[in-house]
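A.B. asks: What would the 3D arrangement of this be:
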Amino acid sequence: MAKDPPRSAAGPSVSYHLKNFSNTALPGAALWITLTLTWFFYASGANGSFLFDDYANLPAIGAYGGVTDLHSLIAYLTDGIAGPTGRPIALASFLIDAQNWPAPAHPFKQTNILIHLLNGILLAWLLIKLSKALGHQDQRASWIAFIAASLWLLHPLWVSTTLYVVQRMALLATFFTFAGLLLYACGRLAYARGARISGIITMSAGVLAGTCLATLSKENGVLLPLFAFILESTIFQRLPLSKNRTFKIWKALFLWTPCILVISYLLLRLPEFAETAANNRPFTLGERLLTESRIIFEYTRLLVTPSLYTSGPFQDGYTISHDFFSPWTTPLATISVIVLPIFAWAFRRRTPGISTAILFFLGGHLLESTIVPLELYFEHRNYLPAALLAFPVAIWATAPNARTLLLRISTISLLLVTLSTLLTFRADLWAHPHEQALVWARENPDSARSQVYAAMTLRALGNTSESAEYMRHVAQRFPENAMVALNRLARSCEANTTTNEDVARAINALKNDRAAANLVTRMFSRLSTLSRDCQPYFGPSELDKLISSLLKNKTLTKTTSGKQSALNLYGRIKLYMGDQKSAYNYFRKALHARPEPGLLLRQAALLGTDKRPCLALSLISDYKGRKHPSRSGASMRDLHKTWLLYTGYYEHELDRIKSLLHKECRARRNTNDTSFLRDFYPHYSRPIS
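C.D. replies: Numbers count the residues shown, from 1 in each chain. Below you'll find the model as predicted:
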């Protein structure tokens, strides 16, 4: 700990305070320079556009005519689709940048950058507390914090977190986790000095409030008690009163119990996770665990030896470990992931900095890199877990050893310059979406998504024939991928090179691809246009065969929601082909599979705009005889639907559209003017169900 100041009758001398200020002011000023440079390096990337999941999450801002009052605010905050909690705090933060949709991307990205800088400040503050707990004096603690926080702030791997708008969720979860851990550290140091009551209150507030706020930003915020437990076991356990009975009780209640609850929750849901992986993912749960052990070391490689560019958000081509020995790196990675935390725990008293970094990193991947059946690999998953990896490096760099001082200063300077350079280039790439797509395709040749995205980019640039040729090669490499098959069909149509083989390949792919229904839903308008422009190879009858193949997709129709999606899509194609009665029957079947008032509203609007208002009324009457589905689930989506039912939102909208349909059914049965329904019904472009 820091030495006591020299005292006189008047207390600590002025010279001591001046010296202490000068010792800590310099690293503080250096950190502010780093923050300024970080903003400057990211600035060009803020000029980029929205991407991928942004379009799945952000349109909710305007789904109910914008967020203009309390009812629309609650509907919006409970409408999150990104996870079980709905992540309402992250959704609320988007309102800083826009209150309606569509909106420009620039303010969203700038807010993300500001949150990243705030995270850097909180991390540096936390590191000062950790360094002091290890016994380092103020000056060295400040330099440790500056070096470790700067290496984290400037790392180019966080570009895909900071400049990807929807990753505001990861940024805010990290913010509240750092804030909670900082309060815990302040309270823990106060408790060690004898301020037991204030220490307990501060620690409790940090763990409780931090965990709640972080979890409502993104679910891995629930790991905050685990992080606090790791810090307690590696760094704070050497402080006075660590074995005090009161503190042991507090630790059992606030640290051990939440960790046990999280692990128990995951184990209880293990059968559900296994079923979800088998039905919706290209891997089993066992394969995921084996593969994630290799991915952990891939993450480590990217952190330790950063490159100019990475494969970005496209990781669907990552090689799966189908057994313990395939590929050959699987056993090495699996054994290492098991052995590393054991050694870190065993040597936590000898090397607390290294042990803390290892345990914090592996603990941070407990949710997203184990048994929860998410996609395998994303760079942003390292944003929080990697926060303390530079801590032991900073401790080494500030060691009181004059002989190696020049070497250590040179090493840290070189690291900071290298990271800054890579960060500048990578952030600038995010300002150029077209170049970005081609780089990602080059860096990730095994990803079907990246190749399709590159072909779409070539098309957007006006290179229609080049895009079609590109997709031809991609289709040869990924013959059973539905996304590739449908985009190959679209590109060949534009280049007037469509063949029967293109159509057959698309039909076959939709029979087997687990994501086929969502894909066709997004591309429905495009496919309808193709059926007019690509005849004779792809006309209405081929489109009918294409959509009907979804009903033969065994994986898709195994679930109620998948069956509903397939039936509803087939109803839409029947409506497009002019067979309104068949469309009506398939719409009814979709609603019978799973009653959803939001889906009913969209179907009624489709029938009304297709000059069948009486048929739409019949559909509503048939549904009105059914009870709304009970909402017994615990997710935010269930709460959202319950809120809409409670406030009478669906009933009000159904009554309004019924009134218009009745009027139209009586007065305009054979008229062609049905545009009034499109004007009246703008808010259902985004599915509610």
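A.B. asks: what distance separates the start and the end of stretch 312-322?
C.D. replies: In stretch 312-322, first residue to last residue: 24 Å (Cα to Cα, to the nearest Å).
A.B. asks: buried ones in it?
C.D. replies: Using 16 or more other Cβ atoms under 10 Å as the test for burial, stretch 312-322 gives 312, 313, 314, 315, 316, 317, 318, 320, 321. (Glycine included, C-beta is placed from N, CA and C.)
A.B. asks: okay, those residues in JSON lines with distance to residue 85 next?
C.D. replies: Putting the buried residues of stretch 312-322 into JSON lines (distance: Cβ to Cβ, whole Å) gives the following:
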{"residue": "312", "distance to residue 85": "26"}
{"residue": "313", "distance to residue 85": "22"}
{"residue": "314", "distance to residue 85": "26"}
{"residue": "315", "distance to residue 85": "24"}
{"residue": "316", "distance to residue 85": "26"}
{"residue": "317", "distance to residue 85": "30"}
{"residue": "318", "distance to residue 85": "27"}
{"residue": "320", "distance to residue 85": "29"}
{"residue": "321", "distance to residue 85": "30"}
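A.B. asks: what's the closest of these to residue 172?
C.D. replies: residue 313 (19.0 Å; Cβ to Cβ).
A.B. asks: from memory the closest one sits against residue 161, does it?
C.D. replies: No: proximity of residue 313 to residue 161 does not meet the contact threshold set by Cβ atoms under 8 Å, at 10.5 Å.
A.B. asks: Give the residues shared as contacts by the two.
C.D. replies: Common neighbours of residue 313 and residue 161 are listed as residue 379 (criterion: Cβ atoms under 8 Å, 6 or more residues apart in numbering).
A.B. asks: which residues in the stretch 1-150 of the chain form strands?
C.D. replies: Assignment of strands within the stretch 1-150 of the chain using DSSP state E, counting those that start in this stretch yields the ranges 7-8, 11-12.
A.B. asks: quick one: which of the ones you listed has the weakest pLDDT on average?
C.D. replies: Averaged per stretch, pLDDT over these is lowest on strand 7-8, reaching a mean of 44.
A.B. asks: pLDDT-wise, which helix or strand of the chain ranks last?
C.D. replies: Across the helices and strands of the chain, mean confidence by mean pLDDT, DSSP states H and E is lowest for helix 675-680: a mean of 39.
A.B. asks: What residue spans form the domains of the protein?
C.D. replies: Residue ranges of the domains in the chain are recorded as 20-49+105-428, 433-680, according to automatic domain parsing.
A.B. asks: Mind putting the ones you listed into CSV with distance to residue 59?
C.D. replies: CSV is the format used below for the domains of the chain (distance: least, Cβ to Cβ, whole Å):
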stretch, distance to residue 59
domain 20-49+105-428, 12
domain 433-680, 13
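A.B. asks: comparing the ones you listed, which gets the lowest mean pLDDT score?
C.D. replies: If you rank the domains of the chain by mean pLDDT, domain 433-680 sits at the bottom with a mean of 77.
A.B. asks: Which stretches in the stretch 501-650 of the chain count as helices?
C.D. replies: Under the criterion DSSP state H, counting those that start in this stretch, helices of the stretch 501-650 of the chain are mapped to 516-533, 540-548, 560-576, 580-593, 597-609, 613-624, 636-646, 649-667.
A.B. asks: er, the stretch 251-400 of the chain I mean
C.D. replies: Per DSSP H, counting those that start in this stretch, the stretch 251-400 of the chain carries helices over the ranges 257-268, 270-280, 285-304, 329-346, 352-363, 391-397.
A.B. asks: Output these as JSON lines; include the columns distance to residue 55 and mean neighbour count.
C.D. replies: Below are these laid out as JSON lines (distance: least, Cβ to Cβ, whole Å; neighbours: other Cβ atoms under 10 Å):
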{"stretch": "helix 257-268", "distance to residue 55": "31", "mean neighbour count": "13"}
{"stretch": "helix 270-280", "distance to residue 55": "21", "mean neighbour count": "14"}
{"stretch": "helix 285-304", "distance to residue 55": "26", "mean neighbour count": "18"}
{"stretch": "helix 329-346", "distance to residue 55": "35", "mean neighbour count": "15"}
{"stretch": "helix 352-363", "distance to residue 55": "32", "mean neighbour count": "22"}
{"stretch": "helix 391-397", "distance to residue 55": "38", "mean neighbour count": "22"}
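A.B. asks: With respect to residue 41, which of these lies nearest?
C.D. replies: Counting by Cβ to Cβ, residue 41 lies closest to helix 285-304 out of those; the figure is 18.0 Å.
A.B. asks: Please name every helix or strand in contact with the closest one.
C.D. replies: Here helix 285-304 touches helix 270-280, helix 329-346, going by 3 or more Cβ pairs under 8 Å, 6 or more residues apart in numbering; DSSP states H and E.
A.B. asks: so which of the ones you listed gets nearest residue 131?
C.D. replies: Proximity of the helices and strands packed on helix 285-304 to residue 131 was assessed by Cβ to Cβ; the nearest stretch is helix 329-346, lying at 18.9 Å.
A.B. asks: Who are the packing partners of the closest one?
C.D. replies: Here helix 329-346 is seen to pack against helix 285-304, helix 352-363 when contacts are counted using 3+ Cβ pairs under 8 Å, 6+ apart.
A.B. asks: how far does that helix sit from the chain's center?
C.D. replies: Going by Cα atoms, centre = their mean, to the nearest Å, the spacing between the C-alpha centre of helix 329-346 and its chain's C-alpha centre is 27 Å.
A.B. asks: hmm, who's touching that helix?
C.D. replies: Applying Cβ under 8 Å, 6+ apart, the external contacts of helix 329-346 come out as 233, 290-291, 293-294, 296-297, 321, 323-325, 354-355, 358-359, 362.
A.B. asks: The same query, at a cut-off of 6 Å, please.
C.D. replies: Taking contacts as Cβ atoms under 6 Å, 6 or more residues apart in numbering, the residues outside helix 329-346 that touch it are 290, 293, 294, 296, 297, 321, 324, 355, 358, 359, 362.
A.B. asks: got the angle for that helix vs helix 352-363?
C.D. replies: Calculated by axes from the mean of the first three to the mean of the last three Cα atoms, to 10 degrees, helix 329-346 forms an angle of 130 degrees with helix 352-363.
A.B. asks: Kindly format the C-alpha coordinates of helix 329-346 as CSV.
C.D. replies: Output in CSV follows, covering the C-alpha atoms of helix 329-346 (Å, rounded to 0.1, in the frame of the first residue of the first chain):
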residue,chain,number,x,y,z
THR,A,329,-6.1,-28.9,-32.7
THR,A,330,-9.3,-29.9,-30.9
PRO,A,331,-7.7,-32.1,-28.1
LEU,A,332,-4.9,-29.5,-27.5
ALA,A,333,-7.4,-26.7,-27.2
THR,A,334,-9.9,-28.7,-25.0
ILE,A,335,-7.2,-29.8,-22.6
SER,A,336,-5.7,-26.3,-22.4
VAL,A,337,-9.1,-24.7,-21.6
ILE,A,338,-9.5,-27.2,-18.7
VAL,A,339,-5.9,-26.9,-17.4
LEU,A,340,-5.4,-23.2,-17.7
PRO,A,341,-8.0,-22.1,-15.1
ILE,A,342,-6.7,-24.8,-12.7
PHE,A,343,-3.2,-23.5,-12.9
ALA,A,344,-4.4,-19.9,-12.7
TRP,A,345,-6.3,-20.7,-9.5
ALA,A,346,-3.5,-22.7,-8.0
